[in-house]
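Visitor: just a sequence and a predicted model for now, questions to come.
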Amino acid sequence: MQTVETDFLIIGSGIAGLTIALRAAKYGRVLVVTKSEIAESNTRWAQGGIAAAVGEDDSWGLHEQDTLTAGAGLCDKNAVRFLVQNAVPCLQWLIDNGAHFDLSTQNGFPHLSLGREGGHSRNRIVRRADQSGWEIERALINASRQQPNITIREFTFVESLLLKGSRCCGAVARPERQDAVCIQSRAAFLATGSCCQVYRYTTNPPIATGDGIGLATAVGAEIKNMEFIQFHPTTLYSRTHRSFLISEAVRGEGAILRNVFGRRFMFDYDPRGELAPRDIVARAIHAEAQKTGSPFVHLDMTHIPPAELQRRFPNILETLKEAGIDATRDPVPVVPAAHYQCGGVVTDLNGKTNVDGLYAAGEVACTGVHGANRLASNSLLEALVFGFSAAEHAAGAAEPPKDGKPARNSLAVVPHQLAEGVLFRLKRLMWEHVGIVRRTHGLEFAKHELEEMMREMPVGEPFFVRGAQTANMLVCANWIIQQALARKQNVGLHYNADLDTPSETRDASSS
Ligand SMILES: Cc1cc2nc3c(=O)[nH]c(=O)nc-3n(C[C@H](O)[C@H](O)[C@H](O)COP(=O)(O)OP(=O)(O)OC[C@H]3O[C@@H](n4cnc5c(N)ncnc54)[C@H](O)[C@@H]3O)c2cc1C
């Protein structure tokens, strides 16, 4: 196998990966390996924005309090403080690297125009219309391409990490239609994003297959809080079009949820109606869909002036139009969908995992910032802040041992002829039994079914990307089910209808 040497190996090219790359480039050679084209990531689809206490009436203390409230008692307080105290300098760094955000004029001077989302006590969402993530991704790609110390390899899939004793010393990667390459590095960074593709309905793009959790599991990294999956209440329901998120802000502007018979139903569930916290809205839609026997409900914005909708949500209107829906005239069919993975690979404030030489940042990581529920727009910020600290910490990493071996999970690749069938079964299983409303017997059934699926799988199969991704999704599903079964109290995003404790629902609605 061909061997490549670098100082810092970064797996993933979303906000976490490219932030680490740009910071680490000051200290040595950086290789960014990404499995699709560089921009394809959860980052590019983020609509809302990035939270930072930059308003005159705001402070990191208020941002800290809101984050802790959303996390329902399970946040790591040190991590939260680290996040909010570093938010403004990191945002400034992003702007210095070319990200443009919306401005408004106050007293004749331009200021960042700040939005408000559920759970924030102040206006603190820095945004670029409804395409904030795209703007951030664009700026970071541009900056990375200008940095001579950074090499980017697109369409290159990392299949395993290299391990020597308990030290991670690189990875094995497969460039498309080429042989595997062994990459030796002083430090390896998982910036691989989420695993929400394990669910039948998700807002995440197809790359979100939880590979980082699969890679980390194989080297014995600690994985935590995987039961806390955030479901977004309103995504487009379509048999022909890709699932697409319709931001909370549309309900903030007055859009109404109606069942398929046209009846407004949210007040049956919560006095705050459509503006109830996200998990309440998701559960209400789930309940209403079950009652009416329809897989979706409607989001009605036809009473809002079209010009206003066009000004606030140009991208949403355009995407709905491509799906054949004119939202200014017709109600939009919506369904909740898996949106954000709060848990992941456990890291400290420096993004370090319990495996020497291995770091993680962004959605794949569990820094402790989100606890049991994520506060709106804290995820892009978390990737930025912890990406920064991880790169700085790794600057001093020692030379790697040269003879590391690839670490694989027992199920390295799901065979070609089985992969699509396994995925179909898995996504259904997770949606029906490990989704928005869980039950103990459903979780146990899912555990049993998953074990069956894993037992039926032949071992030693030849490599192909879809098979490796499917194997990683099985690993992720296993973590979610195990940790959901172990959680004996309803808290934050974990809701098991068989537990008598009420869910600690806080307003953590987010985009
Ligand atoms: C529709 C939507 C809207 C959102 N809105 C907001 C918002 O407004 N505010 C907010 O804060 N958050 C928002 N989020 C969440 C936020 O976008 C993500 O948490 C964040 O972008 C994650 O960044 P990341 O760098 O960790 O991962 P990603 O951006 O997902 O990047 C992961 C990268 O890893 C690569 N990769 C994965 N596996 C492998 C492998 N095996 N080998 C090589 N490469 C690999 C992928 O190709 C990709 O480049 C939203 C998410 C979605 C889906």
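Guide: The structure has been received and is ready for your questions. Note that the structure is predicted; figures quoted are calculated from it, not measured.

Visitor: where exactly do the helices run in the stretch 151-300 of the chain?
Guide: Counting by DSSP state H, counting those that start in this stretch, the stretch 151-300 of the chain has helices at residues 211-218, 248-252, 278-292.

Visitor: pull the residues that contact the second one.
Guide: Spelled out, that is helix 248-252. Contacts with helix 248-252, where a contact means C-beta atoms under 8 Å, 6 or more residues apart in numbering, come from 48, 115, 117-118, 130, 234, 257, 274-275, 278, 281, 299, 301, 312-313, 316, 376, 509-511. (Glycine included, C-beta is placed from N, CA and C.)

Visitor: closest to Thr347 out of the helices of the stretch 151-300 of the chain?
Guide: Taking C-beta to C-beta, helix 211-218 is the member of the helices of the stretch 151-300 of the chain nearest to Thr347, at 10.3 Å.

Visitor: what average pLDDT does the closest one get?
Guide: The pLDDT scores in helix 211-218 average 98.

Visitor: any idea how far that helix is from the chain center?
Guide: Computed by C-alpha atoms, centre = their mean, to the nearest Å, the chain-centroid distance of helix 211-218 equals 15 Å.

Visitor: can you check stretch 172-189 too?
Guide: With C-alpha atoms, centre = their mean, you get 24 Å for stretch 172-189.

Visitor: state the mean pLDDT of it.
Guide: In this model, stretch 172-189 has an average pLDDT of 96.

Visitor: list the buried residues in it.
Guide: Buried residues in stretch 172-189, counted by 16 or more other C-beta atoms under 10 Å: 172-174, 180-189.

Visitor: can you check stretch 242-255 too?
Guide: Buried residues in stretch 242-255, defined by neighbour count with 16+ other C-beta under 10 Å: 243-252, 255.

Visitor: and it with the ligand, contact?
Guide: Yes: Stretch 242-255 reaches the ligand (C-beta under 6 Å from any ligand atom) through Leu245.

Visitor: swap in stretch 48-67?
Guide: Yes: residues of stretch 48-67 are located near the ligand by C-beta under 6 Å from any ligand atom, namely 48-50.

Visitor: ok so, going back, which among the buried residues of stretch 242-255 gets closest to Gly492?
Guide: Glu248 (17.4 Å).

Visitor: quick one: low-confidence residue ranges for the stretch 351-500 of the chain.
Guide: The stretch 351-500 of the chain contains residues with pLDDT under 70 at 500.

Visitor: flag every residue of it that's near the ligand.
Guide: So the stretch 351-500 of the chain meets the ligand at 362-364, 377-380, 383 (C-beta under 6 Å from any ligand atom).

Visitor: helix, strand, or coil at Ile10?
Guide: strand (DSSP: H, G, I helix; E, B strand; the rest coil).

Visitor: check contacts around it.
Guide: So Ile10 contacts 17, 20-21, 24, 30-33, 188-189, 191 (C-beta under 8 Å, 6+ apart).

Visitor: can I get these in TSV with distance to Ala216 and secondary structure?
Guide: Output for those, formatted as TSV (distance: C-beta to C-beta, whole Å; DSSP: H, G, I helix; E, B strand; the rest coil):
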residue	distance to Ala216	secondary structure
Gly17	15	helix
Ile20	16	helix
Ala21	20	helix
Ala24	19	helix
Val30	21	strand
Leu31	19	strand
Val32	18	strand
Val33	16	strand
Ala188	10	strand
Phe189	12	strand
Ala191	12	coil
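
Visitor: now for the residues you listed: which two are most distant?
Guide: Using C-beta to C-beta, the pair of the contacts of Ile10 lying farthest apart is Ala24 and Val33, separated by 13.7 Å.

Visitor: count of neighbours near the closest residue to Ala188 other than its chain neighbours?
Guide: Nearest residue to Ala188 in three dimensions, chain neighbours excluded: Leu9, at 4.6 Å (C-beta to C-beta, 6 or more residues apart in numbering). When neighbours are defined as other C-beta atoms under 10 Å, Leu9 has 31 of them.

Visitor: what's near enough to touch Leu9?
Guide: Leu9 neighbours (C-beta under 8 Å, 6+ apart): 31, 33, 170-171, 183, 185, 187-189.

Visitor: ok, longest helix in this structure?
Guide: Ordering each helix of the chain by length in residues (DSSP state H) puts helix 465-486 first.

Visitor: quick check: angle from that helix to helix 211-218?
Guide: 70 degrees (axes from the mean of the first three to the mean of the last three C-alpha atoms, to 10 degrees).

Visitor: return the distance of helix 465-486 from the chain's centre.
Guide: The answer for helix 465-486 is 15 Å, by C-alpha atoms, centre = their mean.

Visitor: equivalent analysis for stretch 157-172, please.
Guide: 23 Å.

Visitor: now swap in stretch 89-101 and tell me
Guide: Taking C-alpha atoms, centre = their mean, one finds the center of stretch 89-101 at 21 Å from the center of the full chain.
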